[in-house]
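# please work out how this folds:
(one chain, ligands or ions: 1)
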Amino acid sequence: MSKKLIVLLAVLVMGLLLAACGGGGGGEATAPEPVSLAFAGLDEFRYDPETASVAAGAPVTVTFNNEGALEHDWMLVAEGTDLSALTAEDALLPEAHSGVIAAGESNTFSFTAPAAGTYQIVCTVPGHAPAGMVGTFTVTP
Ligand SMILES: [Cu+2]
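As a prediction, this is how the structure comes out:
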């Protein structure tokens, strides 16, 4: 093999490597857009709306308005969590919880959307989630 050919091959290989690196960098995913959601907690043991969908890793801000006469809260839990004896300890993320909100009050809180999957929004006030105060929180990849 001539010296010239070796140099030419070396240059070609380097060029390919650089192109591969550049391609990887250029394909970098853009950060998910921040999302603001508002939910009402109602005495009929439901949320309005009952579902939400956000992108994984998105900064999420939730405003929870207790529009009932009872106490309610909004907490994110893993799918399949036992709803019969919920406490704040069951929260998927400590920050993904409104805290128990008195009638007519509201709270705004923020968290980062977890990995893609299906999660549940629950009210931890005893009896509320088993009575149906459960929502679906979908995280898309
Ligand atoms: Cu409730």
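
# ok, which residues in this protein are in contact with the ion?
Within the chain, the residues that sit near the ion (CB under 5 Å from the ion) are His72, Cys123, Val125, His128, Met133. Just so you know, the C-beta spots here come from the backbone N, C-alpha and C atoms, and that holds for glycine as well.

# looking at these, which are in strands?
With strands taken from DSSP state E, there is no overlap with these.

# next, the buried residues of stretch 47-55.
Neighbour-count burial for stretch 47-55, with 16 or more other CB atoms under 10 Å as criterion, is recorded at Tyr47, Ala52, Val54.

# the last one pairs with what?
When assigned by DSSP bridges, Val54 has beta-bridge partners Val139.

# so what's the residue nearest the centre of the chain up against?
Centroid-nearest residue in the chain: Ala113, 2.2 Å away (criterion: CA atoms, centre = their mean). The contact partners of Ala113, taken as CB atoms under 8 Å, 6 or more residues apart in numbering, are Pro32, Val35, Val54, Ala55, Ala56, Gly57, Ala58, Pro59, Val60, Val139.

# how does it look with 7 Å?
Ala113 is in contact with Val54, Ala55, Ala56, Gly57, Ala58, Val60, Val139, counting by CB atoms under 7 Å, 6 or more residues apart in numbering.

# I'd guessed the first one sits against Thr61; true?
No. Under the criterion of CB atoms under 7 Å, Val54 is not in contact with Thr61, lying 10.6 Å apart.

# so Ala52 versus the ion, what's the distance?
Ala52 sits 17 Å away from the ion when distances are taken as CB to the ion, to the nearest Å.

# isn't that residue up against Gln120?
No. Using CB under 7 Å, Ala52 is not in contact with Gln120; the gap is 11.3 Å.

# need the overlap of contacts for the two.
Common neighbours of Ala52 and Gln120 (CB under 7 Å, 6+ apart) are Phe137.

# where does Glu89 land in three-state SS?
With DSSP: H, G, I helix; E, B strand; the rest coil as the basis, Glu89 sits in helix.

# okay, now it: neighbour count?
By the criterion of other CB atoms under 10 Å, Glu89 has 7 neighbours.

# one more: Val77?
23.
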